[in-house]
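Asks: Just need the structure, nothing else, for what follows:
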Amino acid sequence: MAGEQAFKAVVNDTSPDSVGRAFPMDITGANYNHFLGKKIGDPVDGMFVGEGDKALSGYKLEITGGSDLTGRPMRVDLDGSGVKSVLITAGVGYKGKKYVNKNSKEYRYKYDGLRRRRNLRGNVISQDTRQINLKVVEAGKRPLAAIIDGEEAAVEQPSGEEE
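Replies: This is a model prediction of the structure:
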């Protein structure tokens, strides 16, 4: 591959005033190498997410999941970074529903004990990973929306107060 390696990071703001917003960001360059070998549940410093003035310095993040280029989800209970064929019940990677056609209509059933074999990715971030899901554990000084969307001027300057 001649192109530069990169992750898509989805940062979920878990603070009560954010209403659960998620912010997409790119992780490239030296920051890309920092994530290789990390597992789901590992803490990460926010300065490795984003570049320049959009870096999340002061933030503490936690890896909550991810997926590879084909969309296979990463699963916490699978060790390693490879693809494994696993017999699973409803959870990450399988919704646990069976679709049945009756009388030219499609019905969705959710049986107890319904299991399927699915190809899932392990819990370690590798070069095959394309998306990483992160959640904010400890917030920094500036709000996340101000850093990413550029709303800083409206947030920090109070209107009409001068000495």
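
Asks: Quick one: the strands in the protein, in order.
Replies: 6-12, 22-28, 43-45, 60-68, 83-88, 98-102, 105-109, 116-121, 129-138 (DSSP state E).

Asks: Include distance to residue 34, mean pLDDT and mean neighbour count when you put the ones you listed into a markdown table, please.
Replies: (C-beta placed from N, C-alpha, C; glycine too.) Formatted as a markdown table, the strands of the chain follow (distance: least, CB to CB, whole Å; pLDDT from 0 to 100; neighbours: other CB atoms under 10 Å):
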| stretch | distance to residue 34 | mean pLDDT | mean neighbour count |
| --- | --- | --- | --- |
| strand 6-12 | 10 | 89 | 19 |
| strand 22-28 | 8 | 88 | 16 |
| strand 43-45 | 8 | 91 | 15 |
| strand 60-68 | 12 | 93 | 19 |
| strand 83-88 | 24 | 91 | 13 |
| strand 98-102 | 42 | 90 | 9 |
| strand 105-109 | 42 | 90 | 9 |
| strand 116-121 | 20 | 91 | 16 |
| strand 129-138 | 11 | 91 | 18 |
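
Asks: do you know which of these lies nearest residue 76?
Replies: Among the strands of the chain, strand 60-68 comes nearest to residue 76, with 7.7 Å by CB to CB.

Asks: tell me the angle of the closest one relative to strand 83-88?
Replies: 90 degrees (axes from the mean of the first three to the mean of the last three CA atoms, to 10 degrees).

Asks: which secondary structure elements does strand 60-68 contact?
Replies: On a contact count with 3 or more CB pairs under 8 Å, 6 or more residues apart in numbering; DSSP states H and E, strand 60-68 meets strand 43-45, strand 116-121, strand 129-138.

Asks: picking up where we left off before, closest to residue 54 out of the strands of the chain?
Replies: Residue 54 lies closest to strand 22-28 among the strands of the chain, at 7.3 Å (CB to CB).
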